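Novice: dropping a prediction and its sequence here:
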Amino acid sequence: MSNPRAVALYSGGLDSTLAIRVMQEQGVTVEAVNIRTTFRCCKSPAAQLAAELGVRLTVLSVADEYVNLIRKPSYGYGKGMNPCVDCRIYMATMARKFMQEVGACVVITGEILGQRPMSQKRCDLAIIERQSGLSGRLLRPLCAKLLPPTIPERDGLVDRERLYAFHGRGRKPLVNLARQLGIRRIPPPSTGCSLTEITFAPRVRDLIECQPDAGRADFELLSVGRHFRFDRQTKIVVGRNEEENAWIELYFARENRDDMILVRPENFVGPVGLVRGLRVHEASRWAGAVLLQYTRQADPANAAVRVLQVNQPEQVFQVQPLAFDETVETL
């Protein structure tokens, strides 16, 4: 009889690493799935850690419909704009489909009862299991003894006695278990979800309120640059370094939209700006003035920018620094 197979939702963090190792100790063959959203918190380097565990890693990206979950979650937000329960349901559903494709019998996660207030209460874990279509097939090895047995446990494919009953937020017992299980490189604590951050959540809220029809690309743009509101329909994004400038240039070329313009310094060294919205032309000169705010390598009396728009001739014009009483507020 071949070993049972499991699919692990794998973030590269300590909890999901332990969940995989606990199952491997029972002879279960594990395949890891890392799911990427548009946010930087979901771009952890899980590949090397998966290789050290000896599991195959498959990286999946969310579909465009994922933004609807952020825009209007069925189970509400946490302290920021984090729809934790809805997000876990979405990812568990993706894992269920992958489980069926590879012939596995269970999905495992590193979730711990009581560890996160928004998505790991007992009722939340039950909702995630039910709504993802994984009733009886969603196993949390680190807290399984505190939850009802899953089908693989009842069928004898997984030994419940060799699972654990961790509860709450303490990390030290998990580190100790990692050492006992021979995990040489212990992942550092996660930086957490970007949607909970006090500096990032307002950008998400602003986008949802000002642009109800925002798509995936709009949400992707939130992770880059400084963001400024020209008006409720028009926004300016300014790069903070060379890497972000290159990303903004690539984004402009990729999206190829006529409600977007790119503003580049013409005769000075500075950031690039992206204007997006209904009043891109009215905002272009103001955007040029914002670029001047973030460079010391320009002559304010002789500063010019180049403006690019899809299917339109390029324009070059002089820009003036913002007046003393003009305020520039970032989102």
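Specialist: That came through fine.
Novice: going forward, measure contacts between C-alpha atoms and count neighbours the same way
Specialist: Will do.
Novice: pLDDT on stretch 146-162, on average?
Specialist: When pLDDT is averaged along stretch 146-162, the result is 97.
Novice: which stretches of this structure form helices?
Specialist: 14-24, 46-53, 66-71, 84-102, 122-131, 151-154, 172-180, 201-210, 216-221, 242-255, 280-293 (DSSP state H).
Novice: which stretch among the ones you listed comes nearest Ile236?
Specialist: Between Ile236 and these, the shortest separation by Cα to Cα is 6.7 Å, and it involves helix 280-293.
Novice: in the closest one, what's buried?
Specialist: For helix 280-293, a neighbour-count test (16 or more other Cα atoms under 10 Å) marks 280-281, 283-293 as buried.
Novice: before we move on, the earlier item: make TSV out of the helices of the chain and add distance to Ile108.
Specialist: Compiled in TSV, the helices of the chain are given as follows (distance: least, Cα to Cα, whole Å):
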stretch	distance to Ile108
helix 14-24	7
helix 46-53	15
helix 66-71	22
helix 84-102	9
helix 122-131	11
helix 151-154	11
helix 172-180	17
helix 201-210	29
helix 216-221	28
helix 242-255	35
helix 280-293	48
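Novice: which stretch among the ones you listed comes nearest Pro300?
Specialist: Using Cα to Cα as the measure, helix 280-293 is the one of the helices of the chain that comes nearest Pro300, at 7.6 Å.
Novice: so how far is that closest one off the chain centroid?
Specialist: Centroid separation between helix 280-293 and its chain, computed with Cα atoms, centre = their mean, to the nearest Å, is 30 Å.
Novice: outline the domain layout of the chain.
Specialist: Domains of the chain are assigned by automatic domain parsing as 5-180, 224-319.
Novice: low-confidence ranges, the stretch 201-331 of the chain, go.
Specialist: In the predicted model of the stretch 201-331 of the chain, residues 324-329 satisfy pLDDT under 70.
Novice: how many neighbouring residues does Gln120 have?
Specialist: Gln120: 21 surrounding residues under other Cα atoms under 10 Å.
Novice: dump stretch 152-168 to CSV, restricted to CA.
Specialist: Once side chains and other backbone atoms are set aside, the C-alpha atoms of stretch 152-168 remain, and they are given as CSV (Å, rounded to 0.1, in the frame of the first residue of the first chain):
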residue,chain,number,x,y,z
PRO,A,152,-7.8,10.4,7.3
GLU,A,153,-7.6,10.2,11.1
ARG,A,154,-10.8,8.2,11.4
ASP,A,155,-9.6,5.9,8.5
GLY,A,156,-6.3,5.2,10.2
LEU,A,157,-4.2,7.0,7.5
VAL,A,158,-3.0,9.5,10.0
ASP,A,159,-2.2,8.7,13.7
ARG,A,160,-4.0,11.3,15.8
GLU,A,161,-1.9,10.5,18.8
ARG,A,162,1.2,11.8,16.9
LEU,A,163,-0.5,15.2,16.2
TYR,A,164,-0.4,18.2,18.6
ALA,A,165,-2.6,20.4,20.7
PHE,A,166,-0.9,23.8,20.5
HIS,A,167,-3.1,26.8,21.3
GLY,A,168,-2.6,30.6,21.3
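Novice: how about that stretch: buried residues?
Specialist: For stretch 152-168, the neighbour count (16+ other Cα under 10 Å) marks 152-153, 157-158, 160, 163-164, 166 as buried.
Novice: one more: stretch 261-268?
Specialist: For stretch 261-268, burial by neighbour count (16+ other Cα under 10 Å) applies to 261-265, 268.
Novice: which residues sit in contact with the nearest residue to Gln309 once chain neighbours are set aside?
Specialist: Nearest in space to Gln309, with sequence neighbours left out and distances taken as Cα to Cα, 6 or more residues apart in numbering, is Ile261 at 4.8 Å. Residues near Ile261 by Cα atoms under 8 Å, 6 or more residues apart in numbering: 252, 274-276, 280, 284, 307-310.
Novice: now which of those would you call buried?
Specialist: A residue is treated as buried here by neighbour count (16+ other Cα under 10 Å); on that basis the buried members of the contacts of Ile261 are 252, 274-276, 280, 284, 307-310.
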